[in-house]
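Participant: predicted model follows, preceded by the sequence.
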Amino acid sequence: MIDIHVHLLPGLDDGPADFGEAVEMCGLAAADGVTTLVATPHQLHEEWENTDSALIRRLCAEIESATARAVRVLPGAEIRACPEIPAGLDDQAHSGLLSLAGSRYVLVEPSPFPFAPSLGDLVYELRVAGWQPVLAHPERYGYLTEDPERLRSLVAAGAWLQISAASVMGLNGRRAHEAAHFLIGTRLAHFLASDGHDCVSRPPRMREARAAVAGRWGEALAEALTEGNPRAVIEDRPLEWEEAR
Ligand SMILES: [Fe+2]
């Protein structure tokens, strides 16, 4: 499996406490069947700006080598939704913003506030600028899940959706659980990722959620969400689903 959303880098956000825990997280991920992690520290978050992309890249390389290359660790970010993202991505040397593994895919964290600037406008602006927005765990936002048509229209506008493994397993509450199953069952979800933060309370686990998806909707969908589609991201290719449209 390939995990495109994990807070793996110490000292940058609410991820691991130190370098040792980061390396331990890689061990948990590898034991769970993950071969590649895209480290996605928060960027442009009100608590964590994290625009030092050189530091993010260096930490990824150091953690990967400390695991004796048991897993690949690629640089990325989870960027808080705001109107500045498209221009920032177009000038990464200046903004420090990072796409996923250097690809055209960008992990966007929806605002917790329903009255934030329109997500639809941001999706549109990113697509026009040639970026592929991936919305992080939409199943966790009541203002998105209470209106499935809103999520459908975001996908129709070209946003891909990343569901968190913990939501599939019911660990993020009943509403997120139901929304995750709805989005996967209606084929509105494109990726499953761990959104892991540490070794204990939010570990980087995907295997159980993958098995739950395979059991309910079949192996092909489970494979696409955890391997095929994430591989297209790190190889900067269109999703196979996208090409088939
Ligand atoms: Fe996250």
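Facilitator: Great, that's in hand. Numbers count the residues shown, from 1 in each chain.
Participant: got the phi and psi for the residue lying farthest from the centre of the chain?
Facilitator: Centroid-distance maximum for the chain: Ala68 at 24.5 Å, with CA atoms, centre = their mean. Its backbone dihedrals place Ala68 at phi 60, psi 30, with angles given as degrees, to the nearest 10.
Participant: one more: Ser118?
Facilitator: Comment: the main-chain dihedrals of Ser118 come out as phi -60, psi 130, following degrees, to the nearest 10.
Participant: Val108 is in contact with Arg127, isn't it?
Facilitator: No - Val108 is not in contact with Arg127 according to CB atoms under 8 Å; the separation is 11.8 Å. For glycine as for every other residue, the C-beta is placed from the backbone atoms N, C-alpha and C.
Participant: of those two, which one has the most company?
Facilitator: In this view Val108 and Arg127 are compared by other CB atoms under 10 Å, and Val108 has more residues nearby, 24 against 15.
Participant: ok now the helix or strand harbouring the more buried one, how far from the chain's centre?
Facilitator: Applying DSSP states H and E as the criterion places Val108 in strand 105-109. For strand 105-109, the distance between its averaged C-alpha position and the chain's averaged C-alpha position is 7 Å (CA atoms, centre = their mean, to the nearest Å).
Participant: change the start of the numbering to 39 and stick with it
Facilitator: Right, with 39 as the first residue, what we last looked at is strand 143-147.
Participant: what mean pLDDT does that strand have?
Facilitator: The average pLDDT for strand 143-147 rounds to 98.
Participant: who touches it?
Facilitator: Among residues not part of strand 143-147, those counted as contacts by CB atoms under 8 Å, 6 or more residues apart in numbering are 42-43, 78, 80, 83, 114-119, 123, 127, 137-138, 157, 160, 164, 169-174, 197-198, 200, 271, 274.
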